[in-house]
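**Q** Following is a predicted model, sequence given first.
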Amino acid sequence: MKRFKLTILTLICTLQALAGIDITGTFRPVESGRNLEVAGQLVMVVRGNDFVGASPTKPIYLALQLEHGLTLAQTRVSDEASVIHLASILDTDDPDASINMPANAISIVRWMSGENAIWLRVTSDSSTWVRQNGMPSAPNESAVISTHLGISAEQGAKAELAWERGLANARNHENLWGPVSTLLGVNTMQAQPDTEGFYRFNCSAYDENTVVTGSFFAVGNALALDISTDGAIAQYTHQADGQWLYHITPGNALFTTTLTMVNMDYLEHATVAELYSSSGHLLEEVVLTAPTGSNLTATIQDWFQRGDISHIHFRGGPNCLIKVGYRIATGQGATAHVNASTTDATRFVISPGEGQYVFDGLAAVNKGQEAAEVHARFLGSGGLLLGESQLAAPQTFFSNSKKLWVLDEMTPVGTELIVIESTQPLGCVFLRGSRPGVAPGYLFEVAPQQPRISKLELGDIIVVN
């Protein structure tokens, strides 16, 4: 009997140690000095009766605080009308257990750009969150409640499968207008990671005297809840240049541009799209997500709801395949599919098309730090220099801006090679196609050669007489 009592006591102590609120972070790589980077996920797991007495009139607040100088890069919740109710999922092996939480039991009530905390509000007593043996009960080791933050609306929709089985309190994270994303966009401009290169987080609890919605903000009395945090939400990395789409046609142009994102990975991918004007001005930064196994295609206008985009730089999501399609806006036509580029060069060589039938177009983005001077040289048989043209004069083609040229309009008869040379690295797209008005219209990419000449300076050309 004594041995039996010791076993029960040990079991009780073990369950008490395991009970509590565990919040775990899974990190994504982020760059420093950025206005918008996508951090990882946070998963809150409740294993016990940790929100005793919580109600709509006496809520409990949780502040999920970013550390190391990270701040939120976007505003998702600014007032009561934009509050996000979070879907929670019951994880259990008990076939008779079900979730018993109200749909608004846990909500995001403040998520403001420039601040360092996401505020959650709990308005339901956790003693009734689970139904086991036909009776309401608190979460326990055989029936835990988990809530995910840092996921897209598409990924959040997976809760619907659990909801249909009675294991989720809602189909998705939702506000008044429907499912919403909780992807964690962060600003790293003033952030410094810890000595291991990670950005971490913590969590504090406060009572009903807290006011966090609307313009008035007041923190109530601290509560001594059993909360543990583990992991990180981001890791510092110096990423490669990323992927570029060097040419987006204007919204009112003769051609329509479509953007395709393909994710063949088993994980959802998120990337930040930097949208630029032709002058190189950053118009906007937008987070795009590609769910597992997705193949997403839409026009640029449908993706971003604007028609002034000239070129796009994608940061993050290196395993996501990105390409662009160009097609005549009206009438019959074939689409030219061009993969996003990760390269640039200072010298490009192409063979011209038959000018009586097709045009040769060039779109170039100055990837250098200074203004670029660009020349085109036209070579005939044996390397004979037939002519040259200054495409961009000094101090006219500035860093990160884009210029367009129709090369066939300046190509002399007998040209066999067109050489484009620049004093700064360029990101280029060469397109060849039917002239406007010709039906059907054909368009395709011309892949240039990028020779590297070691003994000659830029601008030197061997002329064979």
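**A** Sure, I can see it.

**Q** these two touch, right, residue 102 and residue 129?
**A** No - the pair residue 102 / residue 129 is not scored as a contact, 9.3 Å apart, by C-beta atoms under 8 Å. Any C-beta I mention is one placed from the backbone N, CA and C, and that applies to glycine too.

**Q** which of these two has more neighbours?
**A** Each of residue 102 and residue 129 has its neighbours counted (other C-beta atoms under 10 Å); residue 129 has more, 26 against 14.

**Q** Quick check: chain neighbours aside, which residue is closest to the more buried one?
**A** Of all residues not flanking residue 129 in the chain, residue 101 sits nearest, at 4.7 Å (C-beta to C-beta, 6 or more residues apart in numbering).

**Q** show me what contacts that neighbour?
**A** Residue 101 makes contacts with 88, 124, 129, 145, 169, as judged by C-beta atoms under 8 Å, 6 or more residues apart in numbering.

**Q** same check, this time on residue 353
**A** 359-360, 408, 432, 446.

**Q** For this structure, which segments are assigned as helices?
**A** Ranges of helices within the chain are 2-18, 153-156, 159-164, 300-304, based on DSSP state H.

**Q** Please name the bridge partners of the nearest residue to residue 223 once chain neighbours are set aside.
**A** Nearest residue to residue 223 in three dimensions, chain neighbours excluded: residue 205, at 4.1 Å (C-beta to C-beta, 6+ apart). Beta-bridge partners for residue 205, by DSSP bridges, are residue 62, residue 223.

**Q** And for residue 205, the neighbour number?
**A** Using other C-beta under 10 Å, residue 205 has 22 other residues around it.

**Q** measure it to residue 47 for me?
**A** Distance, residue 205 to residue 47, by C-beta to C-beta, to the nearest Å: 16 Å.

**Q** what do you get for residue 244?
**A** Noted for residue 244: a distance of 47 Å to residue 47, by C-beta to C-beta.

**Q** if we can go back for a sec, between the contacts of residue 353, which has the most around it?
**A** residue 360 (23 neighbours).

**Q** Can you give me the pLDDT of that residue?
**A** What the model reports as pLDDT for residue 360 is 95.

**Q** How about residue 32?
**A** Listed pLDDT for residue 32 reads 85.

**Q** residues near the closest residue in space to it that isn't next to it in sequence, how many?
**A** Spatially, and ignoring its direct neighbours in sequence, residue 32 is nearest to residue 188 (5.1 Å; C-beta to C-beta, 6+ apart). A total of 24 residues lie near residue 188 under the criterion other C-beta under 10 Å.

**Q** any idea how far residue 188 is from residue 35?
**A** For residue 188 relative to residue 35 (C-beta to C-beta), the value is 8 Å.

**Q** Could you do residue 262 as well?
**A** According to C-beta to C-beta, residue 262 and residue 35 sit 27 Å apart.

**Q** now residue 158
**A** Residue 158 is 30 Å from residue 35, by C-beta to C-beta.

**Q** For these two, indicate the residue with more neighbours.
**A** Set residue 158 next to residue 35 and count neighbours by other C-beta under 10 Å: residue 158 wins out with 18 against 15.

**Q** for that one, phi and psi?
**A** phi -60, psi -20 (degrees, to the nearest 10).

**Q** Contact partners for residue 357?
**A** 434-435.

**Q** Just give the closest residue to residue 64, not the sequence neighbours.
**A** Using C-beta to C-beta, 6+ apart, the closest residue to residue 64 is residue 118 (4.5 Å).

**Q** That neighbour - how many residues pack around it?
**A** A count of nearby residues for residue 118, using other C-beta under 10 Å, gives 26.

**Q** Am I right that it is in contact with residue 111?
**A** Yes - with contact defined as C-beta under 8 Å, residue 118 counts as touching residue 111 (5.2 Å).

**Q** shared neighbours of these two, which are they?
**A** residue 72.

**Q** Show me the protein divided up by domain.
**A** Domains of the chain are assigned by automatic domain parsing as 18-236, 243-339, 345-445.

**Q** can you put these in JSON lines and add distance to residue 451?
**A** Shown next, in JSON lines, are the domains of the chain (distance: least, C-beta to C-beta, whole Å):
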{"stretch": "domain 18-236", "distance to residue 451": "32"}
{"stretch": "domain 243-339", "distance to residue 451": "20"}
{"stretch": "domain 345-445", "distance to residue 451": "6"}
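
**Q** weakest of these in terms of mean pLDDT?
**A** Among those, domain 243-339 carries the lowest mean pLDDT (a mean of 89).

**Q** how far does it sit from the chain's center?
**A** Domain 243-339 sits 13 Å away from the centroid of its parent chain (C-alpha atoms, centre = their mean, to the nearest Å).

**Q** quick one: terminal-to-terminal distance for that domain?
**A** Length of domain 243-339, first residue to last, C-alpha to C-alpha, to the nearest Å: 9 Å.

**Q** With stretch 276-283 instead?
**A** Stretch 276-283 end-to-end distance (C-alpha to C-alpha) = 5 Å.

**Q** Kindly report the same for stretch 252-272.
**A** Stretch 252-272 has an end-to-end distance of 25 Å (criterion: C-alpha to C-alpha).

**Q** Check which residues of it are buried.
**A** By 16 or more other C-beta atoms under 10 Å, the buried positions in stretch 252-272 come out as 255-263, 268-272.

**Q** which of those lies closest to residue 297?
**A** Comparing the buried residues of stretch 252-272 against residue 297 with C-beta to C-beta places residue 260 closest, at 4.4 Å.

**Q** Quickly list what the closest one is bridged to.
**A** Beta-bridge pairing for residue 260 (DSSP bridges): residue 297, residue 323.

**Q** Please apply the same query to residue 218.
**A** Counting by DSSP bridges, residue 218 forms beta bridges with residue 211.

**Q** Residue 209 is in contact with that one, correct?
**A** Yes - with contact defined as C-beta under 8 Å, residue 218 and residue 209 form a contacting pair (7.4 Å).

**Q** Pull the distance from stretch 126-133 to the chain's centre.
**A** Relative to the mean C-alpha coordinate of its chain, stretch 126-133 is positioned 37 Å out (C-alpha atoms, centre = their mean).

**Q** what about it, how long is it end to end?
**A** Stretch 126-133 stretches 17 Å from its first residue to its last (C-alpha to C-alpha).

**Q** let's have the chain start at 56 instead
**A** Let's use 56 as the start, then, which means that last one is stretch 181-188.

**Q** which residue ranges form the strands in the stretch 206-355 of the chain?
**A** 229-230, 233-234, 240-242, 253-254, 256-261, 277-278, 282-286, 289-291, 298-300, 310-317, 324-331, 337-345, 350-354 (DSSP state E, counting those that start in this stretch).

**Q** Could you name the helices and strands sitting against the second one?
**A** Pointing back at strand 233-234 there. Contacts defined by 3 or more C-beta pairs under 8 Å, 6 or more residues apart in numbering; DSSP states H and E place strand 233-234 against no helix or strand at all.
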